[in-house]
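**Student:** please find the sequence and the predicted model below.
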Amino acid sequence: MERKRNYIYPDLDTLAAAFACEFANQVREQLEEKNHMHIALSGGSTALPLFRQLVEQTTADDWSNVSLYWVDERCVPSDHPDSNYGMAKETLLEPLGLAQERIHRIMGEVDPSLEANRYGGELLKYLPNENGFPVFDWIWLGMGADGHTASIFPQQIELWTAGSPCVVSHHPDTSQPRITLTGGVINGAKRVSFFASGKEKAPVIKEIFGKEGRYMEYPAFYVNPGSGDLEWYLDQDAANLL
Ligand code: 6PG
């Protein structure tokens with residue numbers, strides 16, 4: 001696969017269906033080759049149709065060589081409506097009946113600093129490491145209209161270069177504490193898939209792709225896997241200023 005690829009679809013549903021098809025092909029191929037895959041999921045509304053399509057297009061067997069982790073988590077209990085794990089559990093994990101032992105959630109209910117350290121240690125334990133960071137096979141990212149990704153916001157962009165795999169951040173409007181992967185992990189991944197949908201994201205997408213305006217203020221701009229592949233899945237609305 002070329003290092004950087006962009007895919008534009010008419011709408012989020014067709015984007016989600018296409019990605020789920022690509023995912024199904026990839027995991028079946030890796031399963032045949034007996035390659036275990038460590039994959040990190042994001043939350044947010046864009047992830048929802050992706051998860052639904054994955055339930056449509058895959059079976060539990062397809063995931064039998066996949067371990068799941070999270071890119072970030074809101075510091076709330078897993079049954080809280082804000083929980084990324086809770087949303088994935090309801091729309092992906094339970095419908096597919098995925099085995100608990102290969103699911104590594106971030107515990108949003110415990111002390112954020114302690115959990116950031118614990119989760120970082122869990123990643124270093126279960127994943128291959130390079131330069132002191134865990135190496136994911138595949139990381140799925142969303143992007144906010146403010147250019148944030150994972151839970152690294154423009155107001156705290158210094159967290160992108162933190163020396164540890166996971167840090168505590170805070171939502172700029174609600175101050176909600178979050179635990180998030182840092183740039184060292186994201187850019188160390190073998191493959192990063194970015195998903196963006198909706199007109200409200202078009203201006204930031206234009207600035208990032210064109211390296212214009214305030215692009216350097218956006219954490220999403222810094223996603224650039226050193227030796228991995230980066231692909232953007234956009235719907236027409238998000239891409240309409242390109
Ligand atoms: C989160 C996500 C976050 C999300 C973006 C996009 O915890 O909210 O991990 O990075 O992917 O904010 O969110 P939407 O898909 O809802 O626009």
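**Tutor:** Happy to help now that I have it.
**Student:** from now on I want contacts and neighbour counts done on CA atoms only, so please keep to that.
**Tutor:** Noted.
**Student:** any chance you could map the helices in this protein?
**Tutor:** For the chain, the helices defined by DSSP state H cover 12-32, 47-57, 84-88, 94-96, 112-126, 183-186, 202-210.
**Student:** so can I have CSV of the ones you listed showing mean neighbour count?
**Tutor:** Listed next are these as CSV, based on neighbours: other C-alpha atoms under 10 Å:
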stretch, mean neighbour count
helix 12-32, 17
helix 47-57, 19
helix 84-88, 23
helix 94-96, 16
helix 112-126, 17
helix 183-186, 27
helix 202-210, 19
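**Student:** need those in a markdown table with mean pLDDT and distance to the ligand, can you?
**Tutor:** Below are the helices of the chain laid out as a markdown table (pLDDT from 0 to 100; distance: least, C-alpha to the nearest ligand atom, whole Å):
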| stretch | mean pLDDT | distance to the ligand |
| --- | --- | --- |
| helix 12-32 | 97 | 11 |
| helix 47-57 | 98 | 6 |
| helix 84-88 | 98 | 6 |
| helix 94-96 | 97 | 20 |
| helix 112-126 | 98 | 15 |
| helix 183-186 | 98 | 12 |
| helix 202-210 | 98 | 12 |
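**Student:** nearest to residue 234 among those would be which one?
**Tutor:** helix 12-32 (7.2 Å; C-alpha to C-alpha).
**Student:** hmm, back to that, got the helices of the chain as CSV, with distance to residue 102 columns?
**Tutor:** Output for those, formatted as CSV (distance: least, C-alpha to C-alpha, whole Å):
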stretch, distance to residue 102
helix 12-32, 15
helix 47-57, 17
helix 84-88, 14
helix 94-96, 13
helix 112-126, 10
helix 183-186, 20
helix 202-210, 34
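**Student:** and residue 130, how far is that from the ligand?
**Tutor:** 23 Å (C-alpha to the nearest ligand atom, to the nearest Å).
**Student:** quick revisit: residue 104: which of the helices of the chain is closest?
**Tutor:** With C-alpha to C-alpha, the closest approach to residue 104 among the helices of the chain belongs to helix 112-126: 8.4 Å.
**Student:** what does that closest one rub up against?
**Tutor:** 75, 106-108, 133-134, 164-168, 177-180 (C-alpha atoms under 8 Å, 6 or more residues apart in numbering).
**Student:** again with stretch 8-18
**Tutor:** The contact list for stretch 8-18 (C-alpha under 8 Å, 6+ apart) reads 46, 49-50, 53-54, 197, 233-237, 239.
**Student:** how about those, which pair is most distant?
**Tutor:** Across these, the longest distance by C-alpha to C-alpha is 23.5 Å; it joins 54 and 239.
**Student:** and the chain, which residues reach the ligand?
**Tutor:** Contact residues (C-alpha under 6 Å from any ligand atom) of the chain with the ligand: 42-47, 72-73, 141-144, 149-151.
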